[in-house]
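Chemist: quick check, what structure comes out for this input:
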Amino acid sequence: MIKILFVCHGNICRSTMAQFVMQDLVNRYGYSEHFYIDSKATSTEELGNGPHRGTVRKMNEMGIPIISHRATQIKPSDYDNFDYIIGMDRWNYKNMMRVFGDDTLGKVSLLLDFAGREGEEIADPWYTHNFDETYDDVLEGCEGLIRYLREMGEV
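Modeler: The predicted structure follows:
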């Protein structure tokens, strides 16, 4: 079982979008039995809240199922419980490393790294209000992650 954790600041926009998109992709490719996919926040600001209405709107527009979700925060044990811990931007990466201490097993990355866009960030639609652009980047990153996992022989 491949365990993936997507992480953003509040866990209501980008990381939930990545969770929903990745789950949809693995379902469509017939890989769902090989994956556990979740998302969490680095902050406490949105804890307990559901996905942002802009994320929900975009998922509905794209025909991607909304998974029942409430924002939760990362904790140190997540490092041991997940194989891939994927942040949306460098600020999230920095905050994840504060929680995890280090990344001796190389589990922590940015989503667009898997799309060949190392170090690039997924813009936060909370501030940009552009859920379309965020979706395009999330989809590109998730498709890149699937390609990577295929190349590594994990699926």
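Chemist: which residues of this structure fall in strands?
Modeler: 2-8, 35-41, 84-87, 108-110 (DSSP state E).
Chemist: how about the second one: buried residues?
Modeler: For strand 35-41, the neighbour count (16 or more other C-beta atoms under 10 Å) marks 35, 37, 38, 39, 40, 41 as buried. Yep, even glycine has a C-beta here, placed from its N, CA and C like the rest.
Chemist: and the last one, what is it in contact with?
Modeler: Each residue near residue 41 by C-beta atoms under 8 Å, 6 or more residues apart in numbering is listed here: 7, 8, 9, 10, 11, 12, 15, 47, 71, 72, 73, 74.
Chemist: residues in contact with stretch 138-155?
Modeler: Against stretch 138-155 from outside (C-beta under 8 Å, 6+ apart): 2, 4, 14, 17-18, 21-22, 25-26, 29, 31, 34, 84, 86, 111-117, 122.
Chemist: excluding its backbone neighbours, what's nearest residue 109?
Modeler: residue 86 (5.6 Å; C-beta to C-beta, 6 or more residues apart in numbering).
Chemist: quick one: neighbours of that neighbour, just the number.
Modeler: Residues contacting residue 86 under the criterion other C-beta atoms under 10 Å number 28.
Chemist: begin at 132 from now on, thanks
Modeler: Sounds good: first residue 132 from here, last item residue 217.
Chemist: list the contacts for it?
Modeler: Residue 217 touches 135, 136, 137, 138, 149, 239, 240, 241, 242, 245, 272, 276, counting by C-beta under 8 Å, 6+ apart.
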